[in-house]
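Trainee: Next come a sequence and a model predicted from it.
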Amino acid sequence: MIFPAFLQGEARDMGTRLGGLIKQVQTTGNPVPPPACLIFGGETNLTKKGRGRGGPNQEVALATAIELAGGQDFLLLQSSTSGTDGDSDVSGALVDGGTTARADRLGLDPKAFLANNDSYNFFRQTGETFATGLTDTDVMDIGIILVESQV
């Protein structure tokens, strides 16, 4: 299912919304029953309050992972089309239901990284950055979510 111009507003808020949408798909089968592929486009913004690195796409991904901590059966790719995200050298991040568990094993606190706007360093340590290299295009940000099963 395609959601044009869905990605908008503050990045961390969008991550929470995406997490809620994934839960809705899994528990009610709305707006589409799993297994499902949800595709989003648009642009979010990132209001930096911390001193960390990263951009809005990585922040959306981190907030989604936090919202769905505990092994939800999903995969999210959140990326810019330009090849860079904020002040980082990657275009986004790839997260799944095991992201926060992997962070725990590494001694990382996802909420602390989010509070410091340091999604880049979080994903660099968990191995979940997504890099395309510079594309010389900046159409929009994209999100692709695979929801594998109903809870």
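Mentor: Perfect, thanks for sending it. Numbers count the residues shown, from 1 in each chain.
Trainee: The closest residue to residue 114 other than its chain neighbours sits in which helix or strand?
Mentor: Nearest residue to residue 114 in three dimensions, chain neighbours excluded: residue 62, at 5.3 Å (C-beta to C-beta, 6 or more residues apart in numbering). Every C-beta, even on glycine, is put in place using the N, C-alpha and C of the backbone. Using DSSP states H and E, residue 62 sits within helix 56-67.
Trainee: Buried residues in that helix, which are they?
Mentor: By neighbour count with 16 or more other C-beta atoms under 10 Å, helix 56-67 contains the buried residues 56, 57, 58, 59, 60, 61, 62, 63, 64, 65, 66, 67.
Trainee: Dump those residues into a markdown table; add distance to residue 13 and pLDDT as well.
Mentor: A markdown table is the format used below for the buried residues of helix 56-67 (distance: C-beta to C-beta, whole Å; pLDDT from 0 to 100):
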| residue | distance to residue 13 | pLDDT |
| --- | --- | --- |
| 56 | 11 | 98 |
| 57 | 14 | 98 |
| 58 | 15 | 98 |
| 59 | 10 | 98 |
| 60 | 9 | 98 |
| 61 | 13 | 99 |
| 62 | 13 | 99 |
| 63 | 8 | 98 |
| 64 | 11 | 98 |
| 65 | 15 | 98 |
| 66 | 12 | 98 |
| 67 | 11 | 96 |
